[in-house]
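Trainee: Sequence and predicted structure are below.
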Protein chains: 2
Amino acid sequence: MAKHALSVTRDEDFAQWYQAVIAEADLAEESGVRGCMVIRPWGYGIWERIQRLLDDRIKETGHDNCYFPIFIPLSNFEKEAEHVDGFAKEMAVVTHHRLVQDESGKLVPDPEAKLEEPLVVRPTSETVIGNAFARWIQSWRDLPVLINQWANVVRWEMRTRMFLRTSEFLWQEGHTAHATEEEAREETLRMLEVYRSFAEECVAMPVIAGEKPENERFPGADATWSIEAMMQDGKALQAGTSHFLGRTFAQAQNIKFQNRDGQFEHAWTTSWGMSTRMIGGMIMTHGDDDGLCVPPRIAPQQIIIVPLLRGGPEDEQIKRYCNELWYELRKQTAFGEPLRVWMDTREVKPVTKRWGWVKKGAPIVIEVGGRDVAGGNVSVVRRDRLYREDGKLDSVAVPRGELLGKAKAILESMQTRMLLGARERMEASISRSITDFDKLADYFDKNGKYPGWVEVQWSRPTGAALDKVVERLKAHKLTFRNVPLNAKPADGACIFTGEPAVERILVARAY
Amino acid sequence: MAKHALSVTRDEDFAQWYQAVIAEADLAEESGVRGCMVIRPWGYGIWERIQRLLDDRIKETGHDNCYFPIFIPLSNFEKEAEHVDGFAKEMAVVTHHRLVQDESGKLVPDPEAKLEEPLVVRPTSETVIGNAFARWIQSWRDLPVLINQWANVVRWEMRTRMFLRTSEFLWQEGHTAHATEEEAREETLRMLEVYRSFAEECVAMPVIAGEKPENERFPGADATWSIEAMMQDGKALQAGTSHFLGRTFAQAQNIKFQNRDGQFEHAWTTSWGMSTRMIGGMIMTHGDDDGLCVPPRIAPQQIIIVPLLRGGPEDEQIKRYCNELWYELRKQTAFGEPLRVWMDTREVKPVTKRWGWVKKGAPIVIEVGGRDVAGGNVSVVRRDRLYREDGKLDSVAVPRGELLGKAKAILESMQTRMLLGARERMEASISRSITDFDKLADYFDKNGKYPGWVEVQWSRPTGAALDKVVERLKAHKLTFRNVPLNAKPADGACIFTGEPAVERILVARAY
Ligand SMILES: [Zn+2]
Ligand SMILES: [Zn+2]
């Protein structure tokens, strides 16, 4: 076994490895405020790429961005509370609007500045956006309303894990209203497909798109769809959801329109979201024991140039050579965008730089020393093929012209290879042959550390019957993921009830 | 006088006019949450353009974006409170992390979920970012640290006005740390220049860049610089600030580094910000009695195509003609970016559409009817030249090919004309000839509704002497704006103290 850049490997301790990748790649760190993280430049740069590429797709499908208030009056939740037994929601509640010094000089919320009605820091914007829709929508001419918001949201979490579950996170939430059920259902699936193609094409993260079972639906939704990705430990990560909300929310929020016949109807609504969780998914899909591996399309920088300076007279020549290289590369494009190329001139040892960029997952690192300049070469390290067969680092000197000619192709093929590699791994880890519950349980309990997923046939029980099934799964730490859109039709018996199956559903351990 | 599209003119009531522009252009609306607004698609689209263009400049000058938590522990403000007599800050304070139903079924903050230490919703991120800098900076090799954050911030405001003063607003805040005073001072002025050139080149809003007097400095700053824009009512709007913080914040937050000689020093820091206030500035710089007028570089859509459909057989031909036009225009560029062109096919009366786009301030509206198609023409309305000399709407039929050939030039010259027009107006409204205080007071009290600004010579008093001057100005509702960077040297006596003047400073009423 070759030595690796991280102090802990995936196989030794996957959870520890995950934290190590984040720390060593300078993606994010604890902020000192519970459950909130600081997203550092390399991590935020990845988020900016995700935002840009997903936002393009959201706009191409006809949506406009808006911005809604961070605060939601407590009374907006009253209606929800009426319907939920033992309502309790972990949310940040603002009760005062001023700080003052008390008699002892200590800083406290000013008792004289207590809000009449507390405000909740938005956990999602369903209710405020619904109110706006009710104002904006009067006639069929106003429909559809197709909007999206990029925002921070807060859900008070007891146990947090960076990018996967944090009290504050960044996301986009789409909200739409339509005149007909058909149109709203189409919208729900259109955005599911936007998420699927975005995850696969941009994040190189293969996913299974499908419908969530009833017990996993967004509260109040008629149907919830998700994309599910498989992490390298075989667990599932829900990476995006799209909800068909029927008329439930329109009725609760009085979103009505006059139809072409002059009659008033409630609108049909949808919502859909994707968050910084996607970065956690990327880490656990593509990371290895040397750190992060960022797909070229979402890498903040795709090519890093490291001049190997020694404080000698040849340094000037190396710098000039690197500057020209930087200039030539930046004139090129990949994926229809200019290459993102960065020159690392920090006063740090070259070997530290090299491994720093490997751990950050930069797709290509180019090192240039005196010998390279003399020979008209550059030394290239590809993040997706770090080692040669003999276990040594695969750094190859190639003619400068050859690299310039191939940079685009290397990046584009790297992106494809990452997706195909991850998809192969995922497909190999989905078992479709288990036909009774005991074997299902055994499969997960006895099939090694990373059992992967199992697709089973089921009769789609509902209500109490479904709850019973969910409990049985829970006893083995298992959950339903979704009913894949492209699964084969059912042709056997339900693994849970023995009744004739109606469809196939994925079972897995999950984040 | 021609009739205008808004129900209130600037001259009748400038404040009402401002609200009318925002409402009629669908920029933003009250949210029902006090002091917080909903930014609608056209308003948010302008903000997205501002973000994109300013972000490019922030990155070109070497800064990386990060993200810091929305919550700041109350104790972070303790140090500030120690130094400020009668400390009281209007901030949103989170005291609980859960809602529950009380015995009567009412929803309340859960008394059992009271936070040990209250959290403040960030009014600015100085303290959390300072803490991060203290962690990140160890050696001179780590400097400079150049970062920026795009975020929402909250300052509880009693009287709010959309875009100008809202409890929640969107902004960017840059924070940097440097090894030397000289470098930090350079950074402060570099970002001031970024703001100046951005405001003028992108928002077509002329500004005066200069240093704020001592009484207007950011608390704790060694120097504060601003760009000041003149609204059409002659008032000043501070549109961006850049602070040289010296070592004050580094000392308070323990931001230290080991220098090249191995000794520990405190770093030198800066901060700078620009916000959604810029949209308020744009409205009051470029709006007219027909509504908003958006500079082409920041217009979400630059050209609107309105097919004049009549439900007749020629509709198909009009649609085809418009589609081709749309396609051809989108292949073109202006300002180095593809043209943003939108086809308005809503089922709304053409005259409503036309005036809707005029009120929204779309730079060019193209109307296409059957006669235009037959003649190979398009009818063009330019937002910056809405009326002919005879007072009628200036809608000109031009050959389609001519428009295609000129679209880029029209947009680019419109942008320039808007800047030059606003600059001329501003220059004409700055008086530089007033040499005694009574005349200054008279100038503002008796010089009509829109007196503009006065540049006066002063001796730069400090401390109590300055406070006295500020009080005298305040009695006439006047404020100091800044000491313009490019003002002439002083050559007379201070208008306030009679002592020899050392520089010139702007006096104005302000937002
Ligand atoms: Zn088990
Ligand atoms: Zn007066």
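Mentor: Cool, got the structure. Residues are numbered from 1 along each chain as shown, chains lettered A, B, ... in the order given. Ligands and ions are numbered 1, 2, ... in the order given.
Trainee: What is the neighbour count of residue A:189?
Mentor: 17 (other C-beta atoms under 10 Å in any protein chain shown). All C-beta atoms are positioned from the backbone trio N, CA, C, and that covers glycine.
Trainee: doesn't residue A:304 fall inside a helix?
Mentor: No: secondary structure of residue A:304 (DSSP: H, G, I helix; E, B strand; the rest coil): strand, not part of a helix.
Trainee: Residues in a beta bridge with it, which ones?
Mentor: residue A:342, residue A:365 (DSSP bridges).
Trainee: I'd guessed it sits against residue A:367; true?
Mentor: No: between residue A:304 and residue A:367 there is no contact under C-beta atoms under 8 Å: 9.2 Å.
Trainee: Contacts only, for the residue in chain A positioned nearest to ligand 1.
Mentor: Closest contact between chain A and ligand 1, by C-beta to the ion, is at residue A:476 (3.4 Å). By C-beta atoms under 8 Å, 6 or more residues apart in numbering or on different chains, the contact set of residue A:476 is A:441, A:444, A:445.
Trainee: Can you spell out the domain ranges of chain A, please?
Mentor: A:14-93+A:125-286, A:301-417, A:431-508 (automatic domain parsing).
Trainee: Nearest to residue B:17 among the ones you listed would be which one?
Mentor: Among the domains of chain A, the nearest to residue B:17 by C-beta to C-beta is domain A:14-93+A:125-286 (22.8 Å).
Trainee: what about stretch A:81-98 and chain B, any contact?
Mentor: Yes: interface with chain B: stretch A:81-98 contributes A:81-82, A:86-98 (C-beta under 8 Å from any C-beta of the partner chain).
Trainee: actually stretch A:273-287, not the one I wrote
Mentor: No: if you take C-beta under 8 Å from any C-beta as the test, stretch A:273-287 misses chain B, and the best it gets is 8.8 Å.
Trainee: what's the offset of that stretch from the middle of its chain?
Mentor: 4 Å (C-alpha atoms, centre = their mean, to the nearest Å).
Trainee: For that stretch, buried residues please.
Mentor: A:273-287 (16 or more other C-beta atoms under 10 Å in any protein chain shown).
Trainee: which one among those residues gets closest to chain B?
Mentor: Proximity of those to chain B (C-beta to the nearest C-beta) peaks at residue A:276, which lies at 8.8 Å.
Trainee: correct me, but the closest one touches residue A:163?
Mentor: Yes: taking C-beta under 8 Å as the definition, residue A:276 is a contact partner of residue A:163 at 5.6 Å.
Trainee: Ligand 2 next: which of the contacts of residue A:476 are close?
Mentor: For ligand 2, no contacts are drawn from the contacts of residue A:476 by C-beta under 5 Å from the ion.
Trainee: filter those to the buried ones?
Mentor: Using 16+ other C-beta under 10 Å, the buried ones in the contacts of residue A:476 are A:441, A:444.
Trainee: Can you verify residue A:175 is assigned to a strand?
Mentor: Yes: assessed by three-state DSSP, residue A:175 belongs to a strand.
Trainee: so which two of the residues of stretch A:81-98 next to chain B are the farthest from each other?
Mentor: The widest separation within these (C-beta to C-beta) is 33.6 Å, between A:86 and A:98.
Trainee: So between the two, which is more surrounded?
Mentor: residue A:98 (18 against 7).
Trainee: Name the nearest residue to that one, ignoring sequence neighbours.
Mentor: Leaving aside its chain neighbours, residue A:98 sits nearest to residue A:113 (3.6 Å; criterion: C-beta to C-beta, 6 or more residues apart in numbering or on different chains).
Trainee: before we move on, back to that, among the buried residues of stretch A:273-287, which are located in helices?
Mentor: A:277, A:278, A:279, A:280, A:281, A:282, A:283, A:284, A:285, A:286 (DSSP state H).
Trainee: coming back round to it: the residue nearest to residue A:98 reaches residue A:94, doesn't it?
Mentor: No: counting by C-beta under 8 Å, residue A:94 is not a contact partner of residue A:113; they are 11.2 Å apart.
Trainee: ok, back up a step: let me know the closest of the ones in helices among the buried residues of stretch A:273-287 to ligand 2.
Mentor: Among those, and counting by C-beta to the ion, the member closest to ligand 2 is residue A:279, at 57.5 Å.
Trainee: Columns distance to residue A:295 and mean pLDDT on top of the domains of chain A, output as JSON lines?
Mentor: Shown next, in JSON lines, are the domains of chain A (distance: least, C-beta to C-beta, whole Å; pLDDT from 0 to 100):
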{"stretch": "domain A:14-93+A:125-286", "distance to residue A:295": "4", "mean pLDDT": "95"}
{"stretch": "domain A:301-417", "distance to residue A:295": "5", "mean pLDDT": "95"}
{"stretch": "domain A:431-508", "distance to residue A:295": "22", "mean pLDDT": "95"}
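Trainee: if you compare the ones you listed, which one is most tucked away?
Mentor: Highest mean neighbour count of those: domain A:14-93+A:125-286, a mean of 20 (counted as mean count of other C-beta atoms under 10 Å in any protein chain shown).
Trainee: Pull the distance from it to the chain's centre.
Mentor: Worked out by C-alpha atoms, centre = their mean, domain A:14-93+A:125-286 lies 11 Å from the chain centre.
Trainee: gap between the two ends of that domain?
Mentor: One end of domain A:14-93+A:125-286 sits 13 Å from the other (C-alpha to C-alpha, to the nearest Å).
Trainee: Which single residue of the stretch 201-350 of chain A ends up nearest chain B?
Mentor: residue A:347 (5.3 Å).
Trainee: Nearest residue to that residue in space, please, no chain neighbours.
Mentor: residue B:141 (5.3 Å).
Trainee: Just to check, the one you found is in contact with residue A:348?
Mentor: Yes: counting by C-beta under 8 Å, residue B:141 does reach residue A:348; the two are 6.5 Å apart.
Trainee: which among the contacts of residue A:476 gets closest to chain B?
Mentor: Nearest to chain B among these, with distances taken as C-beta to the nearest C-beta, is residue A:444, at 33.8 Å.
Trainee: Pull the contacting residues for the closest one.
Mentor: Per C-beta under 8 Å, 6+ apart, neighbours of residue A:444: A:451, A:454, A:476, A:477, A:478, A:509.
Trainee: do residue A:371 as well
Mentor: Residue A:371 touches residue A:377, counting by C-beta under 8 Å, 6+ apart.
Trainee: How is it assigned, secondary-structure-wise?
Mentor: helix.
Trainee: Work out which residue lies at the spatial centre of chain A.
Mentor: Chain A has residue A:278 as the residue nearest its centroid, 1.3 Å off, counting by C-alpha atoms, centre = their mean.
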